[in-house]
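Engineer: the following block contains a protein sequence and its predicted model.
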Amino acid sequence: MWNKNIETFLGCDAAYEEARIVLFGAPFDSTTSYRPGTRFASKTMRAESYGLETYSPYQDLDLEDCKIFDGGDLELCFGDTSLALKDITKCTKEILKDGKLPLMIGGEHLVTLGAVQAVFEKYPDLHVIHFDAHADLREEYLGATLSHATVLHRVWDLVGDGRIFQFGIRSGERAEFAWGKDHVTTRKFDFEGLEEVIEKLKGKPVYFTLDLDVLDPSVFPGTGTPEAGGVSFLQLLEAVMKVGELNIVGCDINELSPPLDTSGASTAVALKVLRELLLKLEEKYIR
């Protein structure tokens, strides 16, 4: 299913057969409710990754020692949301079937649903850790049940009560927060309580979805729905390192919109977060 990808993310050029992690892009933003542009994230991140070093001084690890394959971007139908999600699910299933860890670059946050559908099929005891500025728990948005504003409600439709743990949330309708109290665990504004969740989920299969707008817009302005009052880069990095200790069976990074920050600073932030996540996931193999 994989064609030769000419441009890969920095240090992610292992052969598919030997890779432990498969990176792929899901360039889709057709349900974006405010400012579009996330469809350009994965392509831009690949190109700009060569301004980054493979070595991380945060972890004393190097991508050159990792076995990561970059499969490029999926070709998704922008006119049919369900079809786009089916293609993401199909791709994720293939990666899982081959015993590899899928790491998807969005795209808007709805792309997470396509990946989770595949991961949940393989791991019915799946739990989800969700970093975001927005609750994303609406039942529908402007009549649509498939939206980046409803994605975590659709994930709940799959995994059920007590399986979703949200952090950094600082935006949403009153009804979302009210509904969430009975069905998910939500930590507003920051990562307090993450250690307790990590302890609870040890040994369980975990999907990690990271909406980069959890960061404060002063750090990360290049996103479609920026929300003041977010976390700092170092706070996010520390939290990502903690989550990376778990049994991560699938993950994604989403909601970078490069056209909304032409300075490139937001892309640089996203790149460093992705590098550190990749290295954390590979740590046990390369220490």
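Structural biologist: Received, thanks. Just so we're clear, the structure is a prediction, and the values are computed from it rather than from any experiment.

Engineer: in the stretch 101-250 of the chain, which spans are strands?
Structural biologist: 101-106, 127-131, 164-169, 185-188, 205-211, 247-254 (DSSP state E, counting those that start in this stretch).

Engineer: now those strands in CSV, with mean neighbour count?
Structural biologist: C-beta here means a position set from N, CA and C on the backbone, and glycine is covered the same way. Formatted as CSV, the strands of the stretch 101-250 of the chain follow (neighbours: other C-beta atoms under 10 Å):
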stretch, mean neighbour count
strand 101-106, 25
strand 127-131, 25
strand 164-169, 25
strand 185-188, 18
strand 205-211, 25
strand 247-254, 23
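
Engineer: just how off-centre is stretch 15-26 within its chain?
Structural biologist: 16 Å (C-alpha atoms, centre = their mean, to the nearest Å).

Engineer: what do you get for stretch 239-258?
Structural biologist: 5 Å.

Engineer: with just CA atoms, put that stretch into CSV.
Structural biologist: Output in CSV follows, covering the C-alpha atoms of stretch 239-258 (Å, rounded to 0.1, in the frame of the first residue of the first chain):
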residue,chain,number,x,y,z
ALA,A,239,3.2,15.9,30.1
VAL,A,240,4.1,14.2,26.8
MET,A,241,7.0,12.5,28.4
LYS,A,242,4.8,11.1,31.2
VAL,A,243,2.2,9.8,28.7
GLY,A,244,4.9,8.2,26.7
GLU,A,245,5.7,5.9,29.6
LEU,A,246,2.3,4.1,29.0
ASN,A,247,1.4,1.3,26.6
ILE,A,248,0.7,3.6,23.7
VAL,A,249,-0.9,1.6,20.8
GLY,A,250,-1.8,4.6,18.6
CYS,A,251,-1.4,8.4,18.7
ASP,A,252,-1.8,11.5,16.7
ILE,A,253,-0.8,15.2,16.6
ASN,A,254,-3.2,17.6,15.0
GLU,A,255,-4.5,21.1,14.4
LEU,A,256,-1.3,22.9,13.2
SER,A,257,-2.3,25.3,10.5
PRO,A,258,0.9,26.6,8.9
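
Engineer: now it: mean pLDDT?
Structural biologist: Mean pLDDT, computed over stretch 239-258, is 97.

Engineer: count the neighbours of Asp161 for me.
Structural biologist: Other residues lying near Asp161 total 10 when counted by other C-beta atoms under 10 Å.

Engineer: apart from its neighbours in sequence, what residue is nearest it?
Structural biologist: His183 (5.2 Å; C-beta to C-beta, 6 or more residues apart in numbering).

Engineer: which one, of the strands of the stretch 101-250 of the chain, ends up nearest to Val116?
Structural biologist: Across those, Val116 has its closest neighbour in strand 205-211 (5.6 Å, C-beta to C-beta).

Engineer: got a list of what the residue nearest to Asp161 touches?
Structural biologist: Trp156, Asp161, Ile164 (C-beta atoms under 8 Å, 6 or more residues apart in numbering).

Engineer: next one: Met104
Structural biologist: Taking C-beta under 8 Å, 6+ apart, one finds 23-26, 88, 92, 111-112, 115, 251-254 in contact with Met104.

Engineer: any idea how far Pro221 is from the spatially closest residue to it that is not a sequence neighbour?
Structural biologist: Of all residues not flanking Met104 in the chain, Asp252 sits nearest, at 4.1 Å (C-beta to C-beta, 6+ apart). As judged by C-beta to C-beta, to the nearest Å, Asp252 and Pro221 stand 21 Å apart.

Engineer: for Asp211, same thing?
Structural biologist: Distance from Asp211 to Pro221, by C-beta to C-beta: 15 Å.

Engineer: next: Leu101.
Structural biologist: For Leu101 relative to Pro221 (C-beta to C-beta), the value is 30 Å.
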